[in-house]
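Novice: output the structure for:
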Amino acid sequence: MNERIKELAEQTLEALETSLYPQQKQLQAIIALREALAQPEQEPVAYLCENAVGHKYFRWKKPSSTYKPIALYTTPPAVPVQEKNT
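Specialist: Residues are numbered from 1 along each chain as shown. Take a look at the predicted model:
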């Protein structure tokens, strides 16, 4: 989550938490935002780069923007499915 999105999520969470009589959907949004903000930020595992000739290659460390790096990530862990209580 980039810094701007994280900041907006925190502001939204604060606004939702100050509601005097929150509805069910607001409570669900509060829970979802708390969980999203609590997750550690994922780091790239490698970068796909392209040199001036157009050859593509991988690097473990982030190169300068001259090489047009594209961050590569691992698959995030599966999120457990929550069943609705009726």
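
Novice: check the gap between the residue sitting furthest away from the middle of the chain and Tyr67 for me.
Specialist: Here the chain reaches farthest from its C-alpha mean at Val53, the gap being 33.1 Å by CA atoms, centre = their mean. In this view, Val53 and Tyr67 are 12 Å apart by CB to CB, to the nearest Å. Heads up, the C-betas are built off the backbone N, CA and C, glycines and all.

Novice: picking that back up, would you say the residue farthest from the centre of the chain is within a strand?
Specialist: No. Val53 is assigned coil when assessed by DSSP: H, G, I helix; E, B strand; the rest coil, not a strand.

Novice: start the count at 19 instead of 1 going forward.
Specialist: With the count now opening at 19, the last piece we talked about shows up as Val71.

Novice: how near is it to Thr84?
Specialist: From Val71 to Thr84 the distance is 13 Å (CB to CB).

Novice: Cys67 too?
Specialist: 9 Å.

Novice: among the two, which residue is more densely surrounded?
Specialist: Cys67 (18 against 10; other CB atoms under 10 Å).
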